[in-house]
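Engineer: predicted model follows, preceded by the sequence.
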Amino acid sequence: MSDKDTLVIDTHGLTKTFKGVNALTSLNLQVRRNSIFGFLGPNGAGKTTTIKLLLGLARPTAGSGRVFGLDIVKDSPDIRKRVGYLAQDPRYYESMTARETLRYTARFFYSGPKAAIEERINNTLELVGLSDKADRPIKGFSGGERQRLGIAQAQINFPDLLILDEPAASLDPMGRHDVLEVMERLRKHTTIFYSTHILSDVQRVSDTVAILNHGQLVAQASIDELLSGTGGVVFRLTFKGDVDGTHARIANQTWVSSITAGRDGQGQTRWDVAVSDESAAEKHLLRLVMDDSNVIVTEFARKKHDLEEVFMSIVEGDNGR
Amino acid sequence: MAANAALQRVQESGWRRGFANVLRKENRDWWGTRTWLVHSIIWLVLINGVVFGVLKSPAPTEVEDMMPAQGTMIFVMMSGLMAGLGIILVMQGAILDEKKSGTAAWVLSKPLSRPAFILAKLVANSVAALLIMIVLQGVVAFVQMQAFDPAPPALAPFLAGLGMLALHLLFYLTLTLMLGTLFKDRAAVMGIAIGLLFGAQFIAGMFPALVRIMPWWIIMPVNENPQALAHLVMSGQPLPTLTPIIGSAVLIVVFVGVALWRFQREEF
């Protein structure tokens, strides 16, 4: 299968300028089919602008973008036929009930039969847990209920691509949990492209991540690649005892790039050993340390970066440039 | 995502995409709620209430001789000004509120064309306003005049005059619709539209040529022209000119065109 077939979103040099200020600069973004793609960035990084460009709600100043191979400017209504969208601060007609809102949404996609549309609405209300509030006007809905309605209306048309702008931002932990669960349930059927600030959510559900800063893409990788860090493979060792001799022995290995020493909270010595040959390190590193009878190893593992750590280092590194 | 096979996809395409759905929603806002009743009562009181008051109040004999068909004159002026004001109030939020609240961005994230959004609002509001503010008021006024006016209008000229009032109403409806696409500020939309409606005499005094293309003369005497065109038609008199009618019709088309053009370029 070619890239053309597997890419749901593909942008080249996508740029948006507002009154001389670059909101988005030359974005090259590729989102593969059936991925859960986390789109990260600090406030004002250009995430919502990107989403609006993809949906035809704003026009690019330069560059191009394709969704399902269709041009985001010329073919926007055809793209929107296959997309479900939840805005950052979703707004609906306040006098409508949840059911009426879904009916109105569904009618943009389906002309009938009435019974099938109503069945779809009922199923969707059930999916997001709003069946018991279906006939209440939206103006009485809480933030969490609005967000659930937002997810419901976004996927009423069985979209091939679900675009969610900060889907869990205004929710309490329970609400967030529910939203992530719905996303995980939907991943079997659709591609999900979502922006968020909540890094733990991204780590939990995403398979691919892009980080945007000041309107520029600063990283795009699978979550595993990103979490393994940009400085190569690192092993973390924590131990008690005198380690001077061991340090020299380890540092002399050809496959060791660097050793960063420190202490953990209990006063134990902690090393982050960066290596150039992962298999050699797996085979020999622990053994070399344990050869020294003065040393007691309490922890040995390949270091997994926290997404927050990775995010901060990428964004701060980019800001420092 | 695998769709339910029983569901039939909407077949609309091009500018019509989503039109039927938005039109249905807009019609429901008028006719599926009490809005139609509230508007009917308000305009009955403000237009026909005044006509009734004038028809039933005794006028001095010498004045009565000088002002034949007083009912039609009052009806034309009240209908023009009140319905004009009414439609400005109704339409000022039609686009602006949706832009500001975010509902326009929401519906436009669905397969809805921008012209369909504008035209559905235009059609639904035009039909409702014409039925409630022109047709209903016209029927009631006609019945009143047959009952109380010493010189009641004949049906055919009255209908022709009513057509001119409809044109006047559509002028302010499309003007306000267009202003809603051009401005983000309610004061600008209301100010310009109401200014053109109620400042007619002042503007006409400053720029007399505008009387020939604006709809002012249709509903009221302007400058040296002593009688409103719609009143002349209703009372069976010949029209001195057709240019305000043609001018208004052309401006209506221009306003709709500008609204469509501007909204196509709107960014959300």
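Structural biologist: Done, it's in.

Engineer: and residue 265, how many neighbours does it have?
Structural biologist: Because you didn't say which chain, this covers chain A. Here the neighbour count serves as a burial measure; for A:Gly265 (other CB atoms under 10 Å in any protein chain shown) it reads 6. Every residue, glycine included, has its C-beta placed from N, CA and C.

Engineer: if you could check chain B rather than the one you did, that'd help
Structural biologist: Using other CB under 10 Å, B:Arg265 is surrounded by 9 other residues.

Engineer: list the contacts for the closest residue to it other than its chain neighbours?
Structural biologist: For B:Arg265, ignoring the flanking residues on the chain, the nearest one in space by CB to CB, 6 or more residues apart in numbering or on different chains is A:Arg59 at 7.8 Å. Taking CB atoms under 8 Å, 6 or more residues apart in numbering or on different chains as the definition of contact, the neighbours of A:Arg59 are A:Leu53, A:Val73, B:Arg265, B:Glu267.

Engineer: helix, strand or coil for the last one?
Structural biologist: Think B:Glu267. The assignment at B:Glu267 comes out as coil when based on DSSP: H, G, I helix; E, B strand; the rest coil.

Engineer: next one: phi and psi at it?
Structural biologist: Torsion angles at B:Glu267 (phi, psi; degrees, to the nearest 10) stand at phi -120, psi 140.

Engineer: can you count the residues close to it?
Structural biologist: A count of nearby residues for B:Glu267, using other CB under 10 Å, gives 13.

Engineer: just checking, it touches A:Ala58?
Structural biologist: Yes - using CB atoms under 8 Å as the test, B:Glu267 is close enough to A:Ala58 to be in contact (4.4 Å).

Engineer: per-residue pLDDT, A:Arg187?
Structural biologist: The pLDDT attached to A:Arg187 in the predicted structure is 80.

Engineer: mind listing what it touches?
Structural biologist: Here A:Arg187 is in contact with A:Asn34, A:Ile36, A:Val205 (CB under 8 Å, 6+ apart).

Engineer: cutoff 7 Å now
Structural biologist: Shown in contact with A:Arg187 (CB atoms under 7 Å, 6 or more residues apart in numbering or on different chains): A:Ile36.

Engineer: between the contacts of A:Arg59, which sits nearest A:Pro159?
Structural biologist: Closest approach to A:Pro159 among the contacts of A:Arg59 (CB to CB): A:Leu53, at 17.9 Å.

Engineer: how close does that closest one get to chain B?
Structural biologist: Counting by CB to the nearest CB, to the nearest Å, the gap between A:Leu53 and chain B amounts to 10 Å.

Engineer: what of A:Gly143?
Structural biologist: For A:Gly143, the distance to chain B under the criterion CB to the nearest CB works out to 15 Å.

Engineer: neighbours of that residue, how many?
Structural biologist: Counted with other CB under 10 Å, the neighbours of A:Gly143 add up to 13.

Engineer: show me what contacts it?
Structural biologist: Each residue near A:Gly143 by CB under 7 Å, 6+ apart is listed here: A:Ser170, A:Leu171.

Engineer: do the same with B:Gly247
Structural biologist: With contacts taken as CB under 7 Å, 6+ apart, B:Gly247 has the following neighbours: B:Arg212, B:Ile213, B:Met214.

Engineer: helix or strand: which one has the residue nearest to the second one when sequence neighbours are not counted?
Structural biologist: Right, the one you point to is B:Ile213. In this structure, B:Ile213 finds its nearest non-sequential neighbour in B:Gly247, 3.1 Å apart by CB to CB, 6+ apart. B:Gly247 is part of helix B:243-264 when elements are defined by DSSP states H and E.

Engineer: list the buried ones in stretch B:80-89?
Structural biologist: Residues of stretch B:80-89 classed as buried: B:Gly80, B:Leu81, B:Met82, B:Ala83, B:Gly84, B:Leu85, B:Gly86, B:Ile87, B:Ile88 (neighbour count, 16 or more other CB atoms under 10 Å in any protein chain shown).

Engineer: can you show me the CA trace of that stretch as PDB?
Structural biologist: Taking Å, rounded to 0.1, in the frame of the first residue of the first chain, the C-alpha atoms of stretch B:80-89 are listed here in PDB:
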ATOM      1  CA  GLY B  80     -43.100  50.400   5.900                       C
ATOM      2  CA  LEU B  81     -41.500  51.800   9.100                       C
ATOM      3  CA  MET B  82     -42.700  49.200  11.600                       C
ATOM      4  CA  ALA B  83     -42.100  46.100   9.500                       C
ATOM      5  CA  GLY B  84     -38.800  47.600   8.300                       C
ATOM      6  CA  LEU B  85     -37.800  48.000  12.000                       C
ATOM      7  CA  GLY B  86     -39.100  44.600  12.800                       C
ATOM      8  CA  ILE B  87     -37.100  42.800  10.100                       C
ATOM      9  CA  ILE B  88     -33.900  44.700  11.100                       C
ATOM     10  CA  LEU B  89     -34.400  43.500  14.700                       C
END
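
Engineer: which residues sit against that stretch?
Structural biologist: Residues lying outside stretch B:80-89 but in contact with it, judged by CB under 7 Å, 6+ apart, are B:43, B:46-47, B:129, B:133-134, B:165, B:168-169, B:172-173, B:176, B:190, B:193-194, B:197, B:218-220.

Engineer: now swap in stretch B:13-24 and tell me
Structural biologist: Under the criterion CB under 7 Å, 6+ apart, residues A:77, A:104, A:107-108, B:12, B:110-113, B:115-117, B:119-120, B:123-124 lie in contact with stretch B:13-24.

Engineer: what about that stretch, how long is it end to end?
Structural biologist: 17 Å (CA to CA, to the nearest Å).

Engineer: buried residues in that stretch?
Structural biologist: Buried residues in stretch B:13-24, counting neighbours by 16+ other CB under 10 Å, are found at B:Arg17, B:Gly18, B:Phe19, B:Ala20, B:Asn21, B:Val22, B:Leu23.

Engineer: JSON lines for those, including pLDDT?
Structural biologist: Output for the buried residues of stretch B:13-24, formatted as JSON lines (pLDDT from 0 to 100):
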{"residue": "B:Arg17", "pLDDT": "95"}
{"residue": "B:Gly18", "pLDDT": "96"}
{"residue": "B:Phe19", "pLDDT": "96"}
{"residue": "B:Ala20", "pLDDT": "96"}
{"residue": "B:Asn21", "pLDDT": "97"}
{"residue": "B:Val22", "pLDDT": "98"}
{"residue": "B:Leu23", "pLDDT": "98"}
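
Engineer: return the member of those residues nearest to A:Val67.
Structural biologist: When the buried residues of stretch B:13-24 are compared against A:Val67 (criterion: CB to CB), the nearest one is B:Arg17, at 16.9 Å.

Engineer: what about the closest residue to B:Pro153 other than its chain neighbours, distance to B:Gly161?
Structural biologist: Using CB to CB, 6+ apart and skipping the chain neighbours, the partner closest in space to B:Pro153 is B:Met234 (4.6 Å). Taking CB to CB, to the nearest Å as the measure, B:Met234 falls 4 Å from B:Gly161.

Engineer: so which of those two has more stuff around it?
Structural biologist: Each of B:Met234 and B:Gly161 has its neighbours counted (other CB under 10 Å); B:Met234 has more, 29 against 26.

Engineer: residues contacting the more buried one?
Structural biologist: For B:Met234, the contact set (CB under 7 Å, 6+ apart) comprises B:Thr72, B:Val76, B:Pro153, B:Pro157, B:Phe158, B:Gly161.

Engineer: just flag the most distant two among those.
Structural biologist: Farthest-apart pair in the contacts of B:Met234 is B:Val76 and B:Pro157; separation 12.0 Å (CB to CB).
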